[in-house]
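Visitor: using only what follows, build the 3D model:
(one chain, ligands or ions: 1)
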Amino acid sequence: IYGNEKEIGKAIAEVIDNGDVTRDELWITSKLWNNKHRKNQVMPALSQTIEDLQCGHLDLFLVHWPVVLADGVGFPESGDDMVSLSEIPIDETWSGMEDCKDIGLARHIGVSNFSVKKLEGLANANVRPEMNQIEMHPLLQQPDMLEYCNANNILLTAYSPLGSPDRMQELKAEGEPNLLTNPVISAIAERHAATSAQILIAWAIQRGTSVIPKSVNVGRLRENFEASKLQLTDQDMDQIKGLDEHYRYVKGQFWTLEGSDYTIANLWDE
Ligand code: A2P
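Guide: Residues are numbered from 1 along each chain as shown. Alright, predicted model coming up:
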């Protein structure tokens, strides 16, 4: 849905052809978009992604949202563009995902934006989700999710770990908090001679989650990688714990169109 797989595919082919890396040294994740949730649509969607990425197989394939769109709808404009989960349930989509793993096109399969309740809904699947990729940062720590996933062998990936400052203006709430200038984070950064972004990344790693800070800037990519060398103290972790206010930057309001079955409450199950 980000429209970048063909150009990333070209880049992957180039670095492999150059001998800079091998396919095995890369971890490549992609996601199934909401308009391909019928069982028979899942594998063709994955095949297209693999063809565009020129990568042979995916390391991880995720169901992007527990939300279904009508065939051909990229982004919904009205409730008519939405399909309810009673018509195409997650179980059906998941069964298509399992087929992708069975034949090795996706080495691992998982979900994104799933609540504990929705993960529970797949607890009896042949292959349980191996990953849940969700928004996680000090303002949205989700301790219950972390505990549930740890207990059930599900890994977590934290998206928007820096508070997603580059989201489209119309998706931003008025006066929303800025994680990168948060005084607690800034003070910890100063103590470690690091940047706030590095503290946010180190915090996610120290909690045992994967973390995917996004950057198109080489210097910041390097800075973000360097964060894996930081070691936060118990006191740092305690102070950050105190910042939790269950604040979502990505609220998912774009799915809750009038006339659809989706609400903020049933999207997040809270
Ligand atoms: P840029 O791409 O210009 O580096 P998130 O990962 O929470 O979605 O946030 C992504 C945003 O954070 C992008 O706008 C990115 O800008 C910015 N960003 C990424 N790394 C850093 C960093 N180390 N310091 C400040 N901003 C950063």
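Visitor: show me the contact partners of stretch 218-229.
Guide: Residues from elsewhere that reach stretch 218-229 (C-beta atoms under 8 Å, 6 or more residues apart in numbering): Ala194, Thr195, Ala197, Gln198, Ile199, Ile201, Ala202, Ile205, Pro213, Ser215. C-betas here are computed from N, CA, C, even on glycine.
Visitor: buried members of these into ChimeraX, please.
Guide: Typed into ChimeraX, the next command selects the buried ones out of the contacts of stretch 218-229 (criterion: 16 or more other C-beta atoms under 10 Å):
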select :194,195,197,198,199,201,202,205,213
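Visitor: among the contacts of stretch 218-229, which ones are in strands?
Guide: Secondary structure from DSSP state E places none of those in strands.
Visitor: what's the distance between the residue nearest to Asp244 when sequence neighbours are not counted and Asp236?
Guide: Using C-beta to C-beta, 6 or more residues apart in numbering and skipping the chain neighbours, the partner closest in space to Asp244 is Gln141 (4.3 Å). According to C-beta to C-beta, to the nearest Å, Gln141 and Asp236 sit 14 Å apart.
Visitor: name the residues of the stretch 51-200 of the chain found near the ligand, please.
Guide: Counting by C-beta under 6 Å from any ligand atom, the positions of the stretch 51-200 of the chain adjacent to the ligand are Ser160, Pro161, Leu162, Gly163, Ser164, Pro165, Asp166, Leu180, Thr195, Ala197.
Visitor: and those residues as a markdown table, adding secondary structure and pLDDT?
Guide: Shown next, in a markdown table, are those (DSSP: H, G, I helix; E, B strand; the rest coil; pLDDT from 0 to 100):
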| residue | secondary structure | pLDDT |
| --- | --- | --- |
| Ser160 | coil | 97 |
| Pro161 | coil | 98 |
| Leu162 | coil | 98 |
| Gly163 | coil | 95 |
| Ser164 | coil | 91 |
| Pro165 | coil | 86 |
| Asp166 | coil | 85 |
| Leu180 | helix | 97 |
| Thr195 | coil | 98 |
| Ala197 | helix | 98 |
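Visitor: so which of the residues you listed is the most crowded?
Guide: Highest neighbour count within these: Pro161, with 26 neighbours (other C-beta atoms under 10 Å).
Visitor: test my guess that Ser78 contacts Leu257.
Guide: Yes: applying C-beta atoms under 8 Å as the test, Ser78 and Leu257 come out as touching, 5.8 Å apart.
Visitor: so between these two, which is more surrounded?
Guide: Neighbours per residue, other C-beta under 10 Å: of Ser78 and Leu257, the larger number sits with Leu257, 15 against 11.
Visitor: make JSON lines out of the contacts of stretch 218-229 and add distance to Leu146.
Guide: Converted to JSON lines, those look like this (distance: C-beta to C-beta, whole Å):
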{"residue": "Ala194", "distance to Leu146": "23"}
{"residue": "Thr195", "distance to Leu146": "25"}
{"residue": "Ala197", "distance to Leu146": "21"}
{"residue": "Gln198", "distance to Leu146": "21"}
{"residue": "Ile199", "distance to Leu146": "19"}
{"residue": "Ile201", "distance to Leu146": "17"}
{"residue": "Ala202", "distance to Leu146": "16"}
{"residue": "Ile205", "distance to Leu146": "13"}
{"residue": "Pro213", "distance to Leu146": "19"}
{"residue": "Ser215", "distance to Leu146": "25"}
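Visitor: in helices, which of the contacts of stretch 218-229 fall?
Guide: In this view, the contacts of stretch 218-229 that belong to helices under DSSP state H are Ala197, Gln198, Ile199, Ile201, Ala202, Ile205.
Visitor: name the nearest of those relative to the ligand.
Guide: Ala197 (3.2 Å; C-beta to the nearest ligand atom).
Visitor: residue contacts, the closest residue to the closest one other than its chain neighbours?
Guide: Nearest non-adjacent residue to Ala197, counting by C-beta to C-beta, 6+ apart: Leu162, 5.5 Å away. By C-beta under 8 Å, 6+ apart, the contact set of Leu162 is His137, Leu179, Leu180, Ala197, Leu200, Pro213, Lys214.
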